[in-house]
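Undergrad: how would this look folded up:
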Amino acid sequence: MARLNYFRFAKNFALNNFSFNQVYKPLNAQIELTLRCNARCVFCSIWQRDFQKEIQQEMSTSEVKHIIDELEKLGVQVVNFTGGEPTLRNDLPELISYVKSKGMMPTIATNGFTLYELVKSGKINDIEWVMVSLDWPDAENHDKYRGIKIFDKTVKGIRALVLEGKAAQISTVITKENLNKMEEMCKFAHDLGAMIEMLPCENIIREQDTAHIVDEIEGFIPNIPTYANEIRRLNKIYPNLITDSVTANIIEAGGFGNQKLLHCVTARSFLVINYRGEWIVPCKIHPILKVDVKKHSLYEAYYSYEAKKIMDLKDAFPFCKGCRLGCAIATSIPTRWPTLYEKYIKAFFNGNLF
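TA: Predicted structure coming up:
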């Protein structure tokens, strides 16, 4: 299974909490390697023509490695490669190994189309954690959602990961149509030897030169109270379900700005580097500050006055109201004892994390 440097994690948690959040360091980082994608997901705008025509040049291998060096200086623990579809980058195996050589944990988020070939070839032996998209327990519906024939390839890839002793996490987008399949998905993941995360479909506005949305997205968003109740029920039954009751409660309450349990600290704890090599703050969905960290120091940018002002506002921006994105919740949870216990400590003793 994957290995975290718990000393570094505990040190970061202590700095954030016992300094009253005056001293802080980021825990995790995400590098968006590409916005190209080989899928045509019904709830995503990335692959659509008007979005793709605004895409500019991706970072080179050396530029990505430079940013990884900067992440090491900041004490980042986990580096996640995302897209688009990150496996479309031929240098992905090299970048995974480079992250590991720096003492950080490399992870990827993928649709699983080429996962089996990558595992079988040994090209990604240095990977420790893979998040794989899988929305249905059957090929017909999953392939319809993802727009390509992919189910069998994805499942084969997950099985290969598990056989190699890697941590496999299924990521399921819950919609109106698969809401009644949540328990079946937990069982399916358990039989595969994988963890599973289930989060509701959201109306995400992706900003490039212009804002992009999926016109039919409202038709996919599930009944949130029903979703939250099912998460709370299944969480007691399936130890491989890593979407916890705290996350369900926050989502059901309407997200940030609608509850007092947790504030969003994504800008501070979760560094996002886009495919052009820009650090974007406070989050990838609503960038206010962009710094080209191919040319400028990420360390200096992170501790700059401009960035600190944004970080200190947490979820006070107008666009934060009602945000219930799982990435924002998950990266904010480690900053408070009650939520940290529910998400990580309790899950660890259940045997399903790290």
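Undergrad: Val130 sits in which helix or strand?
TA: strand 129-133 (DSSP states H and E).
Undergrad: for the lengthiest strand in the chain, enumerate the helices and strands it packs against.
TA: If you go by DSSP state E, the chain has its longest strand at strand 167-174. Contacts defined by 3 or more Cβ pairs under 8 Å, 6 or more residues apart in numbering; DSSP states H and E place strand 167-174 against strand 129-133, helix 151-163, helix 182-192, strand 195-200. C-beta here means a position set from N, CA and C on the backbone, and glycine is covered the same way.
Undergrad: contacts for the strand holding Val130 next, please.
TA: Residues outside strand 129-133 that contact it (Cβ atoms under 8 Å, 6 or more residues apart in numbering) are 2, 78, 80, 105-112, 115, 146, 154, 157-158, 161, 166-173, 194, 197.
Undergrad: partner strands of that strand and their direction?
TA: Looking at strand 129-133 with DSSP bridges, its partner strands are strand 105-110 (parallel), strand 167-174 (parallel).
Undergrad: redo those strands as TSV? Include mean pLDDT and distance to Arg89.
TA: Compiled in TSV, those are given as follows (pLDDT from 0 to 100; distance: least, Cβ to Cβ, whole Å):
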stretch	mean pLDDT	distance to Arg89
strand 105-110	96	10
strand 167-174	96	20
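Undergrad: nearest to Val265, out of those strands?
TA: For Val265, the closest of the strands paired with strand 129-133 is strand 105-110, at 20.3 Å, according to Cβ to Cβ.
Undergrad: now that closest one and helix 151-163, what's the angle there?
TA: If you take axes from the mean of the first three to the mean of the last three Cα atoms, to 10 degrees, strand 105-110 sits at 160 degrees to helix 151-163.
Undergrad: quick revisit: out of the contacts of strand 129-133, which are buried?
TA: Buried residues within the contacts of strand 129-133, counting neighbours by 16 or more other Cβ atoms under 10 Å: 2, 78, 80, 105-112, 115, 146, 154, 157-158, 161, 166-173, 194, 197.
Undergrad: picking that back up, okay, the angle between the longest strand of the chain and strand 195-200?
TA: Using the same axes, to 10 degrees: strand 167-174 against strand 195-200 is 20 degrees.
Undergrad: how far does strand 167-174 sit from its chain's centre?
TA: Relative to its chain's centre, strand 167-174 lies at 10 Å (Cα atoms, centre = their mean, to the nearest Å).
Undergrad: quick one: contacts of it?
TA: Identification of contacts with strand 167-174 by Cβ under 8 Å, 6+ apart yields 1-2, 43, 109, 128-135, 145, 158, 161-162, 178, 182, 185, 189, 192-201, 222, 227, 242, 354.
Undergrad: which residues in the stretch 251-354 of the chain form strands?
TA: 270-273, 278-282, 287-292 (DSSP state E, counting those that start in this stretch).
Undergrad: tabulate these (a markdown table), appending distance to Cys327.
TA: Converted to a markdown table, those look like this (distance: least, Cβ to Cβ, whole Å):
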| stretch | distance to Cys327 |
| --- | --- |
| strand 270-273 | 7 |
| strand 278-282 | 12 |
| strand 287-292 | 14 |
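Undergrad: dump these into JSON lines; add mean pLDDT as well.
TA: Below are the strands of the stretch 251-354 of the chain laid out as JSON lines (pLDDT from 0 to 100):
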{"stretch": "strand 270-273", "mean pLDDT": "95"}
{"stretch": "strand 278-282", "mean pLDDT": "95"}
{"stretch": "strand 287-292", "mean pLDDT": "94"}
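Undergrad: so Tyr299 makes contact with Leu74?
TA: Yes - under the criterion of Cβ atoms under 8 Å, Tyr299 makes contact with Leu74 at 5.9 Å.
Undergrad: nearest approach to Gln56 belongs to which of the strands of the stretch 251-354 of the chain?
TA: Closest to Gln56 of the strands of the stretch 251-354 of the chain, according to Cβ to Cβ: strand 278-282, at 10.5 Å.
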